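**Q** quick one, structure for this:
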Amino acid sequence: MSKRFRFIVVLLVIALCFVFLHPTLKWYFWTNQEDKALALASREKIKDYSENMARADVDKLIEMAASNSTEPLSEKYDPIIKEAKARRKALGMEIPSQWTAQDVAASFKLSSKEKFIPVAQPILETAYRDSILGIKKYQTNAVKLGLDLSGGMLVIIKADLDAAISADGASSETIADSKKAAMTLAMDTLRSRIDKFGLTDPVIRRQGDDRIYIEMPGAADADKINSIIMGRGILAFHIVDDEATQAFREYYRNNPGKTFDAEYNLLNPGIIPEDCMVLGVYHKDAYGIDERDDREPFLVVKKQAGLEGKHLVSVDTSADQRSNNPLVNFSLDAEGAKIFAELTANNVGKRLAIVSDNKIKSAPNLKEPITGGAGSISGMSATEANNLKTVLRTAWLNVPLQLETQQVVGASLGDEKINEGIMALQWGLIAVLIFMLVFYKEAGINACIAQILNLYIMFSILSAFNLTLTLPSIAGMILTIGMAVDANVVVFERIKEELKLGKTREAAINAGFEHAFSAIMDSNITTFIAAFFLSILGTGPIKGFAYSLAIGVVSSVFTALFVSRLIFDFGTQTLKLNKIHISWRKLENEKSN
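**A** Numbers count the residues shown, from 1 in each chain. Sure thing, here's the model as predicted:
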């Protein structure tokens, strides 16, 4: 293998690792604390912040325009300036070198405050929102700190897949697929519920065949979280009472502040029939949270559910073959098919509200009776169709869950452990580097560079696979430091033996790496096998240790055989060095020179 090829491989690995590590560097080192706090907030808080900041900027812009200010606009107005430039180009207007509030107003032909706000505020709000959600994305892709380092709650839940399969009546041929689907549904449902709680990026992953491992960083109310996690989702289909809805809308229009209390309970229940109730209509906004539909904020529906979501068997999306419009297809079990056929036959021309957690997610028209236990919902965008599919799949969980483990970890203890782990890693690395420099002199520099690059590669892989950094993970890294230098020691000792035989620098290096290769691979392969089985059979902290150990084994072999060899070859072939200082004793190579 030529020096050029090794050099290209090392450069590619370093560049690829930087791409992997970039989100971690961006989040932990290149993002200020204020932006971190915003990104870690719930999406509701991000929405409030973006709206408030955009409105404040617009008010300032209106004030500057009204006072005919000639002060150039600051960078925070760049999004609206960009839009103004595009409009001026389209209209053939002159583009100013320095933008003022009057220039922006003229670009949009805004003559009053009432016209200014609807145009300017969405542009600025979008800029604030995209900026914060972009930072949140970096945090999502960065190396995570485990509960033992950051504090929070750890929960392990067992899903009774056998009970779910027996309830669904799956055949023996499809049991494996049915269990996989049930486990996916359980995880999706739990993720949906926890997201509603507003926690900062919980870790939810499958553990073994039937367990779900959940980490929720930060302080949390254990009782409230348990009620969210363990509660059964409620999904139901209700018939919309159009006459009652029209009457309610008229009343609400005339009494906007006297219709509901703070909890959106009717102050005057007599405005709707006794067998009905008022529910809000919601859709997902740009922040990914439920927002009441401005076009149709409320509907009056029958209290008695026409069909419960437990009868749903499958839900998927497709496109209409004629119009190519999105469709949400669903199928029901035998009992549900019978109920639904009767329900739709008796209510043709009415709307069917799909209700989840007392929120109307969709209200399609019943154009004809739906028989056969299968139907489709149309009249929505692709995004709305995917959102509705998620609602239908996750709102009713037919998988019994059992809480197995719950552990609350304090954040203050995490800070202490972080400092201890970093100090151990730091002093361990320094001790190893000093030893290599002192014992192997010039050749020790190769080992030092390889060690530093080894840690760089390890953190990059952790970031690439979105793994969590725990105290056992740090222990695995510390162990890897010692193991990584062991490969260099084997190579250096083989080179010393070759030099004792009177070989030249290049010949000794070639022979040293060739003879050391099998010993390095044997020891590291056995270690990797042990780490592999630990990662499969172990749980929790053991897995973290196994992952970091396995990653360290791979990266240490690469740095010892590629990076260290490349540095030696650079000295031999590029710098034309004849001697190699690798021992305190005079070797034959040094005597002959």
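
**Q** for the spatially most central residue of the chain, give its distance to residue 497.
**A** Taking CA atoms, centre = their mean, the centroid of the chain lies closest to residue 140, which sits 4.1 Å from it. Distance, residue 140 to residue 497, using CB to CB, to the nearest Å: 51 Å. No exception for glycine: its C-beta is placed from N, CA and C like everyone else's.

**Q** again with residue 549
**A** For residue 549, the distance to residue 497 equals 30 Å [CB to CB].

**Q** how about the helices in the stretch 451-593 of the chain?
**A** 471-500, 505-537, 541-558, 564-569, 588-591 (DSSP state H, counting those that start in this stretch).

**Q** to residue 335, which of those helices lies closest?
**A** Across the helices of the stretch 451-593 of the chain, residue 335 has its closest neighbour in helix 505-537 (41.5 Å, CB to CB).

**Q** got the angle between that closest one and helix 541-558?
**A** Orientation of helix 505-537 against helix 541-558 (axes from the mean of the first three to the mean of the last three CA atoms, to 10 degrees) gives an angle of 160 degrees.

**Q** of residue 549 and residue 497, who's got more company?
**A** Shown here are residue 549 and residue 497; by other CB atoms under 10 Å, residue 549 has more neighbours (24 against 15).

**Q** may I ask you to confirm that the more buried one is in contact with residue 481?
**A** No - using CB atoms under 8 Å, residue 549 is not in contact with residue 481, being 11.4 Å away.

**Q** what are the phi and psi values for residue 317?
**A** Main-chain dihedrals, residue 317, degrees, to the nearest 10: phi -110, psi 150.

**Q** which residues touch it?
**A** 326, 327, 328, 329, 385, 386, 389 (CB atoms under 8 Å, 6 or more residues apart in numbering).

**Q** just list the residues touching the fourth one, thanks.
**A** So the one you mean is residue 329. Here residue 329 is in contact with 315, 316, 317, 318, 374, 375, 376 (criterion: CB under 8 Å, 6+ apart).

**Q** scan these and report the most crowded one.
**A** Top of the contacts of residue 329 by neighbour number is residue 375, holding 22 neighbours under the definition other CB under 10 Å.

**Q** now that residue: closest residue in space, sequence neighbours ignored.
**A** Leaving out its chain neighbours, the residue that sits closest to residue 375 by CB to CB, 6 or more residues apart in numbering is residue 330, at 6.1 Å.

**Q** does residue 157 count as helix, strand or coil?
**A** strand (DSSP: H, G, I helix; E, B strand; the rest coil).

**Q** burial of the closest residue to it other than its chain neighbours, as a residue count?
**A** Counting by CB to CB, 6+ apart, residue 157 lies nearest to residue 212, which is 4.6 Å off, once chain neighbours are set aside. Residue 212: 23 surrounding residues under other CB under 10 Å.

**Q** so what does the residue nearest to residue 375 have for phi and psi?
**A** phi -140, psi 160.

**Q** follow-up on the earlier one: show me what contacts the residue nearest to residue 157?
**A** Contacts of residue 212 by CB under 8 Å, 6+ apart are 156, 157, 158, 159, 183, 186, 187, 190, 204, 205, 206.

**Q** report the contact partners of the first one.
**A** This points to residue 156. Residue 156 is in contact with 207, 211, 212, 213, 214, 403, 404, 405, 406, counting by CB under 8 Å, 6+ apart.

**Q** what is the nearest of the residues you listed to residue 71?
**A** residue 214 (51.8 Å).

**Q** that closest one touches residue 187, doesn't it?
**A** No - with contact defined as CB under 8 Å, residue 214 does not reach residue 187; the gap is 9.4 Å.

**Q** looking at those two, which is more packed in?
**A** Remark: of residue 214 and residue 187, residue 214 carries more neighbours, 23 against 19, as counted by other CB under 10 Å.

**Q** in what helix or strand does the more buried one lie?
**A** Assigned by DSSP states H and E, residue 214 belongs to strand 211-217.

**Q** hey, C-alpha coordinates of that strand in CSV?
**A** Only the C-alpha atoms of strand 211-217 are listed here, as CSV (Å, rounded to 0.1, in the frame of the first residue of the first chain):
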residue,chain,number,x,y,z
ARG,A,211,-38.9,-3.9,26.1
ILE,A,212,-38.7,-0.1,25.5
TYR,A,213,-35.9,1.9,27.0
ILE,A,214,-36.7,5.6,27.7
GLU,A,215,-34.4,8.3,28.9
MET,A,216,-35.9,11.7,29.7
PRO,A,217,-33.1,14.2,30.5
